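Q: A predicted structure for the sequence below; I have some questions about it.
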Amino acid sequence: MEPGFDPPEVPGGTGAFGLLGQHLAVCLELQASRTASWSVADGMAPIGRPAAASSPRCGIVHGPSTSSAESEDGARGLWVAWSRRYAREVTDQTHGFETLAIHAGQDPDPRTGAVAPAIWATSTYKQDGVGGLREGYEYSRTGNPTRTALEGCLAALEGGARCLTFASGLAAEDTLLRGLTRPGDHVVIPDDAYGGTYRLFDRVAAPWGLAYTPVPVTDVEAVRAAVRDGETKIVWVETPTNPLLGIADIAALAGVAHDAGALLVVDNTFASPYLQQPIALGADIVVHSTTKYCGGHSDVVGGALVTRTPELAEPLAYLQNAVGAVAGPFDCWVVLRGLRTLAVRMERHCDNAERIVEMLTGRPEVSQVIYPGLGEHPGHVVAARQMRRFGGMVSFRVAAGEQAAVDLVSHTELFTLAESLGGVESLIEHPGRMTHASVAGSPLEVPGDLVRLSVGIESAEDLVADLAGAFEAVRA
């Protein structure tokens, strides 16, 4: 697109969820005029931005973005559309989170009227003449309509400018590191993080030349001290952390990162977009394992990156296409279906977690209950400020030690002994020997007596009875 070129006015389609139609109209008009190569800006639609950190209301911001740039192999994929040359944002009206989860990026099909998004199980797309792309689609590694719908919805829920989805959370993390850092750069990471994230830094990124420093992200001054002038490119945060449920002050750490010229990346997997929106608090990029609460049914693996600006998404979108660790259309559809019920599920997860915490605090077999909703939790005040509620994850330490913890997780019936989290069913695990076995002997090693619960949405009474029965069985 030539500098100063103004896209034509789009007739109609000015409602909160009419962005896909607007993109189509612009795409067709630009192609017809042959003034530029245009691709549908898949992740811009529509974007919800919280009015305040504590507000559940979100505004819709949307608009197309164009570029004349092309990929190195000549492909004019969807990633081309995200450029610095044109990015228009239009605020229409205010919608609640639940409304965005059901409608953002998910217009009824214009041909059939189908209200459920389609699964576009195709690898390639017919062109109307060489380079005559329909809606910007040419190959499903580069872009797929089902993926477009999911990315638009997640961008809206997180209040970001663009979302990119991947085959797994770790694929998203790897793309972020390769896209935004180079050998010789430095990253600050949590000293209490997901074992897979630590493995990625320690055994993949470090040999490539990326330095990292684990610090307690719950301590703002410790993070500030770990930042290296001119070297630190990213401050990487989980909040709540995994598995010790530490709380990082997102707004304060955004200030630390930005003062150093670095980006703040927040893994929002444990909270979900419903409970916490890091971009509203100053984060630059949000990471999700969509396998967890976003999908919510333990039937899909996926990941996502949501960026504050379109510019931040450009190198990530290039790598998403070039490396190809993308989410398939069926996986995208499954996650999109999960997002539609995210709000109601998270409320039940939180309700049940609070019941479990209440029970655990009265058990003599438990030496410590770790939950941000407890007043004695060191991060309680910060969590109350930046989260809607305190989440469905609960950790606790067993007074009798590691073997008693291992025995306990093997004696539940409704709580399934399994890795992962965020599904409708309750899960129990021993982090030291399961999800965090890869950090044994490192600064991230977790206590051997620790048990982690992903509290599901079953009857709270049944879950309480199941845990109580496991304690009794182990004691016997």
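A: Arrived safely, thanks for sending.

Q: which non-adjacent residue is nearest His436?
A: Nearest residue to His436, sequence neighbours excluded (C-beta to C-beta, 6 or more residues apart in numbering): Gly195, at 4.2 Å. Where you see a C-beta, it was placed from the backbone N, CA and C, and this is true even at glycine.

Q: and the chain, what are its domains?
A: For the chain, automatic domain parsing gives the domain ranges 19-115+127-140, 149-340, 344-475.

Q: how far does stretch 179-193 sit from the chain's center?
A: With C-alpha atoms, centre = their mean, to the nearest Å as the basis, stretch 179-193 stands 18 Å off its chain's centre.

Q: Ala121 is nearest to which of the domains of the chain?
A: Ranking those by their distance to Ala121 (criterion: C-beta to C-beta) puts domain 149-340 first, at 5.6 Å.

Q: pretty sure His380 contacts Pro372?
A: Yes: look at His380 against Pro372 with C-beta atoms under 8 Å: they come within range, at 6.0 Å.

Q: okay, the two: which has more neighbours?
A: Neighbour count, other C-beta atoms under 10 Å: between His380 and Pro372, Pro372 has more, with 26 against 16.

Q: in contact with that one: list those residues for me.
A: Residues in contact with Pro372 (C-beta atoms under 8 Å, 6 or more residues apart in numbering) are 240, 245, 247, 379-380, 383, 387, 390-391.

Q: cool, Val323 as well?
A: Applying C-beta under 8 Å, 6+ apart to Val323 gives the contacts 175, 178.

Q: phi, psi of it?
A: Per-residue torsions, Val323: phi -90, psi -40 (degrees, to the nearest 10).

Q: one step back: among the domains of the chain, which is the most enclosed?
A: domain 149-340 (a mean of 23; mean count of other C-beta atoms under 10 Å).

Q: ok now that domain, how far from the chain's centre?
A: Its chain's C-alpha centre and that of domain 149-340 lie 7 Å apart, by C-alpha atoms, centre = their mean.

Q: switch the domains of the chain over to CSV; also include distance to Ala121 and mean pLDDT.
A: CSV is the format used below for the domains of the chain (distance: least, C-beta to C-beta, whole Å; pLDDT from 0 to 100):
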stretch, distance to Ala121, mean pLDDT
domain 19-115+127-140, 9, 51
domain 149-340, 6, 97
domain 344-475, 25, 96
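
Q: one step back: looking at it, the residue nearest to His436 is touching Ala440, isn't it?
A: No: judged on C-beta under 8 Å, Gly195 makes no contact with Ala440 at a distance of 9.1 Å.

Q: picking up where we left off before, from the contacts of Pro372, which ones fall inside helices?
A: 380, 383 (DSSP state H).

Q: of the contacts of Pro372, which is the nearest to Gly96?
A: Of all the contacts of Pro372, Met387 has the smallest distance to Gly96: 17.2 Å, by C-beta to C-beta.

Q: next, Glu358: phi, psi?
A: Taking degrees, to the nearest 10 as the convention, Glu358 sits at phi -60, psi -40.

Q: let me see the contact set for it.
A: Glu358 touches nothing, counting by C-beta under 8 Å, 6+ apart.

Q: mutual contacts of His380 and Pro372, please.
A: When C-beta under 8 Å, 6+ apart defines a contact, the residues bordering His380 and Pro372 alike are Ile247.

Q: how long is stretch 322-329 end to end?
A: Start-to-end span of stretch 322-329 (C-alpha to C-alpha, to the nearest Å) is 18 Å.

Q: to clarify, my last question referred to stretch 407-414.
A: End-to-end for stretch 407-414, by C-alpha to C-alpha: 16 Å.

Q: who's in contact with that stretch?
A: With C-beta under 8 Å, 6+ apart as the test, stretch 407-414 has contacts from 365, 398, 415, 417, 426, 428-430, 451, 458, 462-463, 466-467, 469-471, 473-474.

Q: how does it look with 10 Å?
A: Contacts with stretch 407-414, where a contact means C-beta atoms under 10 Å, 6 or more residues apart in numbering, come from 365-366, 396, 398, 400, 415, 417-418, 425-430, 433-434, 449, 451-453, 456, 458-459, 462-463, 465-467, 469-476.

Q: restricted to strands, list those residues.
A: Among these, the members falling in strands (DSSP state E) are 366, 396, 398, 417, 427-429, 451-453.

Q: closest to Glu354 out of the contacts of Pro372?
A: Checking the contacts of Pro372 against Glu354 with C-beta to C-beta, the nearest one is Phe390 at 7.7 Å.
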